[in-house]
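**Student:** Build the 3D model from these lines:
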Amino acid sequence: MSNLLLTKVAQKRGSRAGGELVEVLQSIGVQRNYALVLTSLSADDWTDSTNLQKSCGLRQPEVSVAIRELLEGEMVEVEPQRNGQRGRPRHMYRLKGGLFEIIKPYVDEAEAELKKLEGNLSRLNEVSEALANNATS
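**Tutor:** Modelled structure (predicted):
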């Protein structure tokens, strides 16, 4: 996938662009919930789980799983926020860097898979041509 396509998608505004970005990310192998959370985080600076649930249309456990995975991949940073209240702090999340930087590993993986498939197709053509030539000889 080219950076030009990602740039065009990122330049659009509104939910249509976000939906398109989610579709493009899914097409290169990013799980839907991760794509939704990444897209939502790219639109905001700091946001919390409740806002992610609303903007992504996901339930709290789905957002938590996606955030946990993104934290493990060091794509997201978290900041606990205490408002002087007792109990657990509210966690605020944001991307660690720009969107292009964050999704680069996914893009690199998709490009590597594409090269592998192209190599397999090339080899398949060679083998099928050799078999066809042997059959006509």
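**Student:** now the strands: where do they sit in this protein?
**Tutor:** Using DSSP state E, the strands of the chain run over residues 47-48, 76-81, 90-95.
**Student:** Could you dump these into JSON lines and include mean pLDDT?
**Tutor:** Listed next are the strands of the chain as JSON lines, based on pLDDT from 0 to 100:
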{"stretch": "strand 47-48", "mean pLDDT": "95"}
{"stretch": "strand 76-81", "mean pLDDT": "93"}
{"stretch": "strand 90-95", "mean pLDDT": "95"}
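**Student:** Let's have the ones you listed in CSV, adding mean neighbour count.
**Tutor:** C-beta: built from backbone N, CA, C; applies to glycine. What follows is those, written out as CSV (neighbours: other Cβ atoms under 10 Å):
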stretch, mean neighbour count
strand 47-48, 16
strand 76-81, 14
strand 90-95, 17
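**Student:** Can you report how many residues lie near the residue nearest to Arg32 when sequence neighbours are not counted?
**Tutor:** Using Cβ to Cβ, 6 or more residues apart in numbering and skipping residues adjacent in sequence, the residue nearest Arg32 is Gln26, 5.7 Å away. Here the count is done by other Cβ atoms under 10 Å, and Gln26 has 14 residues near it.
**Student:** quick one: Gln26 from Gly119, how far?
**Tutor:** 24 Å (Cβ to Cβ, to the nearest Å).
**Student:** shaky segments in this protein?
**Tutor:** Scanning the chain for pLDDT under 70 picks out 1-17, 137.
**Student:** got a list of what Glu62 touches?
**Tutor:** 33, 56 (Cβ atoms under 8 Å, 6 or more residues apart in numbering).
**Student:** Let's see that with 6 Å instead.
**Tutor:** Neighbour list for Glu62: Asn33 [criterion: Cβ atoms under 6 Å, 6 or more residues apart in numbering].
**Student:** where along the protein do the helices fall?
**Tutor:** Per DSSP state H, the chain carries helices over the ranges 3-11, 15-27, 32-43, 49-56, 60-72, 99-136.
**Student:** With that, I have no additional questions.
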